[in-house]
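Undergrad: pasting the sequence and the predicted model now:
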Amino acid sequence: MANYTTAAEAVKLIRPHDHVYIQGSTSIPEVLVQAMTDRAAELTDVTLYSAFAVGRGDAPYCKPEFNDTFLVNSLFVANNIRRWLAQGYGQTIPAFLGEIPGLFRSGLLPVDVAILNVSRPNADGYCSYGVSADLAVPAVECAKTVIAQVNAAMPFSYGDALIHISKIDAAVEVDEPLVELPTCVPNEIESRIGRHIAELIPDGATLQIGVGGIPNAVLAALTNHKHLGLHTEAMTDGVVPLIERGIIDNSQKKVLPHKNVASLALGSKRLYDYMDYCEDLEMRDVAWTNDPFRIRQNPKVMAINSAVEVDLTGQICADSVGTRIISGVGGQHDFMYGGALSEGGKTFIAIPSMTEKGQSKINPVLASGAGVVTTRHMIQHVVTEYGVADLRGKNLAQRARALIGIAHPQFREELERAAAERYGYSFLRLK
């Protein structure tokens, strides 16, 4: 039997000096997090692990009066803690998302308590983690105590992310809708980028695709493709029409053929309704989905990711603006590596040529303090609305020439000067 109780009672299982994992994606257990925060006066030195997540607002524990109570040690800089970390009150741990489960399992990152947001139990008494298997699976495996919201609004998904109700130490019944992300309707620039990429995707490809306008533009341009597969970290609304129309049928995948595979999901209620008791979908531990050597087993892996900026050698910054960390490595490296190793695989960094503030996203060098998420040694295709720069096998001068060719026209002269100064005649001789 489950130990059903109130949120205030449930969080009494958290003790001073505990290390607490808070589930992410669009399923932050907000009721329990608020109840934990309300206990601040009784706690001290509680380390909080949070990962990729979308909160309704700033996390309640991110207030100056809780500085010595809750120590935020994030595994991805999510929107609900970003300002807190920027002010220097919390920290982030750089790590490939696919390797963080190993940090839990080895004890390098101890987990005393896991706080979850789960579905109602099925007929056999199993609750599902719904939209967030990612780090929740290893966190629960390693935690001494599991506290969960049993949420009528959480879809029941299959795969690794299941826990029997009897294994939950304290359960709180809630009916709290998940955060919804409106589907980004691609603008004209994003649509052009999407079409450039779609032209390079063959039938029978296995897709890893990110979040936002450009990924949705790619998906929108795939309506004439056949026998696509899905093995991704994040699942979004954009894939549902392709699944429903049979364009994504997973018939040519080698890893879990005929199944859609993801580690987390975020989108609208339409996506969550689709996921509920969907036997064609498996949600898996992120160490499993993001293992490059598993990813490579699928044929024609197409890894499509984005960036903050790219330099003329092909270095990709995707997690920071200068020294300020704004997100995390996530699974970009895992899929860029696995995709490159896949037979017939291709990897893409998709960016508009210019920021909303009118600054070039292709620059002579990365901003001072910017982090490299994908190295120049791993990059393949960089895509803007002006075309595709295929950097495979190109020397540094040739790369610069190719990247300048897809930069915004107003920045090309400046980039040319920088490349000529850096590479001399070997660049100037390239027309």
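TA: Received the coordinates, thanks. Numbering: from 1, shown residues only.
Undergrad: the strands in the stretch 301-431 of the chain, which residues?
TA: 301-305, 309-311, 316-317, 320-321, 324-325, 346-350, 362-363, 381-384, 387-390 (DSSP state E, counting those that start in this stretch).
Undergrad: winner for burial among those?
TA: Highest mean neighbour count of these: strand 301-305, a mean of 28 (counted as mean count of other Cβ atoms under 10 Å). In short, each C-beta sits where N, CA and C put it, glycine included.
Undergrad: strand partners of that strand, parallel vs antiparallel please.
TA: Sheet pairing of strand 301-305 (DSSP bridges) gives strand 206-209 (parallel), strand 346-350 (parallel).
Undergrad: do you know which of those lies nearest L266?
TA: Each of the strands paired with strand 301-305 was scored for nearness to L266 using Cβ to Cβ, and the closest is strand 206-209 (12.7 Å).
Undergrad: I'd like the average pLDDT over the closest one.
TA: Across strand 206-209, pLDDT averages out at 94.
Undergrad: now what about it, what contacts it?
TA: With contact meaning Cβ atoms under 8 Å, 6 or more residues apart in numbering, strand 206-209 is reached by 201, 215, 218-219, 228-234, 236, 238-239, 248, 252-253, 295, 298-304, 331, 335, 339, 342.
Undergrad: do that again at 6 Å, thanks
TA: 215, 228-232, 253, 298, 301-304, 335 (Cβ atoms under 6 Å, 6 or more residues apart in numbering).
Undergrad: same question, stretch 121-139
TA: 21, 23-27, 51, 100-101, 104-105, 111, 114, 118-119, 154-157, 160-165, 263-265, 283-286.
Undergrad: tell me the buried residues in it?
TA: 121, 126-139 (16 or more other Cβ atoms under 10 Å).
Undergrad: quick check: the closest residue to V321 other than its chain neighbours vs I349, distance?
TA: Spatial nearest neighbour of V321, excluding adjacent residues (Cβ to Cβ, 6 or more residues apart in numbering): V308 at 6.1 Å. Distance of V308 to I349, computed by Cβ to Cβ, to the nearest Å: 11 Å.
Undergrad: from the contacts of stretch 121-139, which land in strands?
TA: Judged by DSSP state E, these include 21, 114, 118, 162-164, 264-265, 283 as members of strands.
Undergrad: please pick the buried ones from those residues.
TA: The buried subset of the ones in strands among the contacts of stretch 121-139 (16+ other Cβ under 10 Å) comprises 21, 114, 118, 162-163, 264-265, 283.
Undergrad: in the stretch 151-300 of the chain, which spans are helices?
TA: With helices called from DSSP state H, counting those that start in this stretch, the stretch 151-300 of the chain shows them at 188-198, 213-220, 239-244, 269-275, 286-289, 292-295.
Undergrad: run through who's touching the first one.
TA: Contacts to helix 188-198, defined as Cβ under 6 Å, 6+ apart, come from residues 213-214, 217-218, 221-222, 348, 350, 352, 383, 385, 388.
Undergrad: any idea how far V146 is from L32?
TA: The gap separating V146 from L32 is 11 Å, by Cβ to Cβ.
Undergrad: ok, those two, which is more surrounded?
TA: A direct count of neighbours by other Cβ atoms under 10 Å for V146 and L32 places L32 higher, at 25 against 20.
Undergrad: is it correct that the more buried one falls within a strand?
TA: No. Assignment of L32 by DSSP: H, G, I helix; E, B strand; the rest coil gives helix, placing it outside any strand.
Undergrad: state the distance from L200 to M378.
TA: Distance check for L200 against M378: by Cβ to Cβ, it reads 18 Å.
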